[in-house]
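Participant: This is a predicted model, with the sequence first.
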Amino acid sequence: MRPVVDHVPYAVRDLDEAIARFERVGLAPMYGGTHGDGATEMALVPLPDGTYVELIAATGEGEPGFWPAAIEAGDGPCAWCVQTGSVHTELQRFITHDVRVDGPQRASRDRPDGTHVEWDMGFLGSDEREVLPFLIADRTPREYRVPDSELYGSPLSGVGWVVIAVRDLASAIEQFARLYRLPEPETDVDTHFGEMAWFPEQAFVLAEPTDEPLLDRLESSGPGPAALFLSAEMDRATDQFPLTGGRSLFDRRLAFFEGFDHQLGVVSRR
């Protein structure tokens, strides 16, 4: 089963400040409420294809149960989530591939309108588990968790690429090819992300940094998502959004939202 991206958590120190920052570049996060443990709260940017960006911050009521170091540092993209019909079944599949698993875990949050949302989660790997996606399956209707997007009709469609920083590109390629039965990836090189590999039609890109500042991030935060690109109709996107640093990777055009320091951008659709 190949990974189908559900959403990308984006760790921030201050949720109100992060919401304002996203609004300044034309993205309008919706406040989503507090998670069941009371330690984190979130806002989300629903995208037209049903994927979304989750801004997640600490409430100050205890240590966050997930990504506490990333939230404290305001690290931006800190994990990536894929859909599955059954977290339990998918975890069993990974066990057969000798991958350490954690879960299923039951999670919830209460929306501002009082709607209670529940889902199951599962995590993969150990020391470098953020390289692999985590799993989600809804217990309540998915529309409770993911409201309709306000971006219908915009140049944006959904999560295009999650760029995952790794220590050893060849090893990461082998791991993903084995776990998901993926074909040989395309390769490219970027001045910021370093040596890169992309499995065609997949929504993630592996990157082995070769220079600062991404090498510093890899050392301080460990392997895992380092950037998020939203799929876009580029000509319209450059007219509508404040974008900078345009270039090409894997024969696709990309650019970054101003003020996001290579962490959030857009990538052209095929």
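Facilitator: Nice, I can see it. Keep in mind the model is a prediction, meaning the values are calculated, not measured. Numbers count the residues shown, from 1 in each chain.
Participant: what about His122, which SS state?
Facilitator: Heads up, residue 122 is Gly, not His. Assigned state for Gly122: strand (three-state reduction, DSSP: H, G, I helix; E, B strand; the rest coil).
Participant: dump the residue contacts of it.
Facilitator: Each residue near Gly122 by CB atoms under 8 Å, 6 or more residues apart in numbering is listed here: 84, 87-88, 90-91, 101-105, 134-135. In short, each C-beta sits where N, CA and C put it, glycine included.
Participant: who wins for neighbours among these?
Facilitator: Leu135 (27 neighbours; other CB atoms under 10 Å).
Participant: Looking at strand pairing, list the partners for that residue.
Facilitator: Leu135 has these beta-bridge partners by DSSP bridges: Val82, Gly122.
Participant: Would you check how far apart it and Gly222 are?
Facilitator: Using CB to CB, to the nearest Å, Leu135 is found at 20 Å from Gly222.
Participant: ok, and the closest non-adjacent residue to Val266?
Facilitator: Sequence neighbours aside, Ala232 is the residue nearest to Val266 in space, at 3.9 Å (criterion: CB to CB, 6 or more residues apart in numbering).
Participant: Ramachandran angles for that neighbour?
Facilitator: In terms of degrees, to the nearest 10, the main-chain angles of Ala232 are phi -150, psi 160.
Participant: isn't it right up against Leu156?
Facilitator: Yes - the pair Ala232 and Leu156 passes the contact test of CB atoms under 8 Å, sitting 5.2 Å apart.
Participant: So for those two, which residues contact both of them?
Facilitator: Between them, Ala232 and Leu156 share these contacting residues under CB under 8 Å, 6+ apart: Val266.
Participant: before we move on, the earlier item: let's have the contacts of Gly122 in TSV, adding pLDDT and distance to Ala28.
Facilitator: Listed next are the contacts of Gly122 as TSV, based on pLDDT from 0 to 100; distance: CB to CB, whole Å:
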residue	pLDDT	distance to Ala28
Thr84	96	29
Val87	97	30
His88	97	36
Glu90	96	33
Leu91	97	35
Val101	95	36
Asp102	94	34
Gly103	93	32
Pro104	96	33
Gln105	95	30
Phe134	97	26
Leu135	98	28
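Participant: Let me know the closest of those residues to Ala57.
Facilitator: Checking the contacts of Gly122 against Ala57 with CB to CB, the nearest one is Phe134 at 18.5 Å.
Participant: Local confidence estimate at the closest residue to that closest one other than its chain neighbours?
Facilitator: In space, and not counting its chain neighbours, Phe134 is closest to Phe123: 4.8 Å by CB to CB, 6+ apart. If you check Phe123, the pLDDT there is 96.
Participant: Also Asp127?
Facilitator: The score at Asp127 is 62. That number is its pLDDT.
Participant: mind listing the helices for the protein?
Facilitator: 15-24, 68-73, 87-95, 142-145, 169-180, 214-221, 234-240 (DSSP state H).
Participant: Quick one: closest of those helices to Asp190.
Facilitator: Nearest to Asp190 among the helices of the chain is helix 214-221; the distance by CB to CB comes to 9.6 Å.
Participant: what number of residues lie near the nearest residue to Arg139 once chain neighbours are set aside?
Facilitator: Of all residues not flanking Arg139 in the chain, Glu118 sits nearest, at 4.0 Å (CB to CB, 6+ apart). Other residues near Glu118 number 14, with proximity taken as other CB under 10 Å.
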